[in-house]
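Undergrad: I would like to see how this sequence folds:
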Amino acid sequence: MSSLGNKKPAGAATQKVTRAHIHIRKEDEERINRELEEKRKQEAQKIEVAGDLLVENLNKLEVEEGEARNVDDALKVLGEEKALDDDKHPEKRMRAAYLAFEEARLPELKLNHPTFRLSQLKQILKKEWQKSPENPLNARLLALNS
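TA: Just a heads-up that it's a prediction; the model follows:
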């Protein structure tokens with residue numbers, strides 16, 4: 001029967017482990033784990049940026065020409081003159097431009113279509129006007145396309 005029971009080696013003396021010892025070991029392990037985790041986080045937070053990737057901040061750019069209070073003024077100061085050359089109100093000039101276009105094209109259309117009535121000629125003129133580069137509304141679109 002003695003062979004069935006637990007046999008302990010005769011030379012090994014075991015010490016009693018108390019809850020306090022277990023608690024101290026557990027706190028030490030947790031502290032070491034926290035320190036390792038903090039080191040990992042610090043290494044992950046280190047970001048190295050190459051010097052050539054840094055770009056000058058244009059928001060703080062000092063310009064000699066003056067200062068701008070709105071977008072149009074800012075574009076003027078920065079040299080985007082082409083963007084500002086667009087006519088802001090082409091519809092104001094549309095009637096005069098159409099009358100000039102009509103005076104120039106009507107005699108040609110009368111020669112090309114002698115049997116047409118004036119209303120028919122004006123319909124053709126209007127269709128041509130819609131596509132004409134002389135139309136101020138089309139001039140803006142043509143400038144954007146080129």
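
Undergrad: ok, residue 130 - contacts?
TA: Each residue near residue 130 by C-beta atoms under 8 Å, 6 or more residues apart in numbering is listed here: residue 138. C-betas here are computed from N, CA, C, even on glycine.

Undergrad: Tell me the secondary structure at it.
TA: helix (DSSP: H, G, I helix; E, B strand; the rest coil).

Undergrad: Check the one 4 residues further on too.
TA: Taken by three-state DSSP, the conformation at residue 134 corresponds to coil.

Undergrad: can you tell me which helix or strand the residue lying closest to it once chain neighbours are set aside belongs to?
TA: Once flanking residues are discounted, residue 134 sits nearest to residue 101: 5.3 Å by C-beta to C-beta, 6 or more residues apart in numbering. Per DSSP states H and E, residue 101 falls inside helix 91-112.

Undergrad: now do residue 48
TA: Going by DSSP H and E, residue 48 is not in any helix or strand.

Undergrad: still on that earlier bit, name the residues of the helix holding residue 101 that come out as buried.
TA: Using 16 or more other C-beta atoms under 10 Å as the test for burial, helix 91-112 gives 97, 98, 101, 102, 105, 109.

Undergrad: check contacts around the fourth one.
TA: This means residue 102. 122, 125.

Undergrad: Where in the protein is the helix or strand with the lowest mean pLDDT?
TA: Across the helices and strands of the chain, the lowest-confidence element by mean pLDDT, DSSP states H and E is helix 81-84, at a mean of 49.
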